[in-house]
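A.B. asks: Here's a sequence, model it:
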Amino acid sequence: IAPLYAAIGIVHAILRHKPFPPPSGAAIWWWDFFFYATFGLVVTSSVALAGVLLVFSFLIIPAAIGMLYAQTLPRQLAIGWAAGSLASLVGLAVSYSCDLPTGASMVCVFGASLAVAGAICLLRGRSTGKFEAAGAGLRIALAMMFALTGLWLMLAPRADQPLIDGIEYLVPLARSAYMRDVELETWREADEHALRYAREIEKLNDREAQSRWQGRALDDMEVRKISSFLKSYGEMRKGEAFVMSEVRARARERVRWPAGIAMMLIALALAPWRRWRPAWTRPGKRAAL
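C.D. replies: Below is the predicted model of the structure:
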């Protein structure tokens with residue numbers, strides 16, 4: 001991809017003195033098309049190599065950090081390049097030291113670097129208006145998320161509910177808000193059995209891996225035995241997962257209306273209503289009237 005990036009960079013460097021956007025006329029759409037076409041070439045070629053999350057983390061987060069701490073383009077570029085390089089190195093180090101997936105580790109480090117940079121900028125008292133706008137945007141996003149989750153829960157309680165699943169993953173006690181005692185006990189037993197089968201699968205995989213590392217090949221009987229155990233444990237784990245899914249689906253189906261309405265009320269509470277008030281209802285406008 002280096003020749004492609006070099007060619008696009010040279011073209012943009014040659015055309016850097018052209019007015020963006022042009023003053024007026026039919027040439028505006030041509031410049032927009034040219035920019036987004038070259039942008040699409042860079043993105044599509046990169047996504048095929050690194051994945052969409054990592055690519056857009058590189059595109060957005062360093063630039064956002066640069067705009068938080070500088071007003072001129074050269075300083076923004078310098079800060080963005082430095083932040084992106086440092087986050088990349090830290091992400092690679094975390095991935096190597098903790099034996100974690102490289103792309104996911106780098107994405108998490110990029111997100112953490114943006115959060116730290118924003119917190120430092122806020123503590124220094126800069127860009128207050130930007131943070132107020134960002135806070136309002138975050139509240140709007142959360143309100144829409146809860147509203148859509150409540151609507152989806154009422155319409156399809158047995159379908160996947162990413163927001164509710166995430167809340168339950170972070171706060172397991174949240175299941176007791178809508179599950180009965182018998183359902184909770186069934187869920188816990190199935191979860192314990194699934195974890196036990198997962199540990200047995202991991203032990204068998206480790207045994208096979210150690211035999212390869214130590215140079216001692218397993219005979220056919222041992223290979224067949226390990227394969228049979230892996231298949232059996234995998235099927236039993238799927239069965240326990242099905243039990244957990246069915247218990248959860250039945251409980252959510254029973255409480256879909258009150259839970260969905262509660263989600264809608266949470267969305268209303270999170271929405272930044274002050275920013276949506278008409279101009280004539282604001283105090284300054286009323287005084288002027």
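A.B. asks: Run a quick neighbour tally on the closest residue to residue 252 other than its chain neighbours.
C.D. replies: Distances taken as C-beta to C-beta, 6 or more residues apart in numbering put residue 157 closest to residue 252, at 4.5 Å, once the chain neighbours are dropped. C-beta here means a position set from N, CA and C on the backbone, and glycine is covered the same way. Here the number of neighbours of residue 157 (other C-beta atoms under 10 Å) works out to 20.
A.B. asks: Thought residue 256 was touching residue 157, still the case?
C.D. replies: Yes. Applying C-beta atoms under 8 Å, one finds residue 157 in contact with residue 256, separated by 4.1 Å.
A.B. asks: circling back: any chance of the backbone angles for the residue nearest to residue 252?
C.D. replies: phi -70, psi -20 (degrees, to the nearest 10).
A.B. asks: so who does it touch?
C.D. replies: By C-beta atoms under 8 Å, 6 or more residues apart in numbering, the residues touching residue 157 are 249, 252, 253, 256.
A.B. asks: Which ones among the residues you listed lie within strands?
C.D. replies: Among the contacts of residue 157, no residue falls in strands (DSSP state E).
A.B. asks: From residue 211, how far out is residue 201?
C.D. replies: 16 Å (C-beta to C-beta, to the nearest Å).
A.B. asks: can you give me the helices in the stretch 1-150 of the chain?
C.D. replies: 2-14, 27-50, 52-69, 73-98, 102-123, 128-155 (DSSP state H, counting those that start in this stretch).
A.B. asks: Of all the residues in the fourth one, which ones are buried?
C.D. replies: Which is helix 73-98. Of all the residues in helix 73-98, those buried under the rule 16 or more other C-beta atoms under 10 Å are 76, 79, 80, 83, 84, 87, 88, 90, 91, 95.
A.B. asks: Can you add distance to residue 194 and pLDDT and give the residues you listed back as a markdown table?
C.D. replies: Below are the buried residues of helix 73-98 laid out as a markdown table (distance: C-beta to C-beta, whole Å; pLDDT from 0 to 100):
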| residue | distance to residue 194 | pLDDT |
| --- | --- | --- |
| 76 | 49 | 91 |
| 79 | 47 | 94 |
| 80 | 44 | 94 |
| 83 | 41 | 94 |
| 84 | 40 | 94 |
| 87 | 36 | 94 |
| 88 | 36 | 94 |
| 90 | 34 | 95 |
| 91 | 31 | 92 |
| 95 | 27 | 89 |
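A.B. asks: out of these, what pair is the most spread apart?
C.D. replies: Greatest spatial distance in these: 76 and 95, 27.9 Å, computed using C-beta to C-beta.
A.B. asks: Can you give me the neighbour number for residue 168?
C.D. replies: 17.
A.B. asks: Would you mind giving the secondary structure of the residue nearest to it when sequence neighbours are not counted?
C.D. replies: Leaving aside its sequence neighbours, residue 168 sits nearest to residue 174 (C-beta to C-beta, 6+ apart; 5.1 Å). Following DSSP: H, G, I helix; E, B strand; the rest coil, we place residue 174 in the helix state.
A.B. asks: give me every residue that touches the most centrally placed residue in the chain.
C.D. replies: For the chain, the residue nearest the mean C-alpha position is residue 53 (7.9 Å; C-alpha atoms, centre = their mean). Counting by C-beta under 8 Å, 6+ apart, residue 53 touches 103, 104, 107.
A.B. asks: Please repeat the previous calculation with a cut-off of 7 Å.
C.D. replies: With contact set as C-beta atoms under 7 Å, 6 or more residues apart in numbering, residue 53 has these partners: 103, 107.
A.B. asks: and what of the one 4 residues further on?
C.D. replies: If a contact means C-beta under 7 Å, 6+ apart, then residue 57 has 107, 110 as its contacts.
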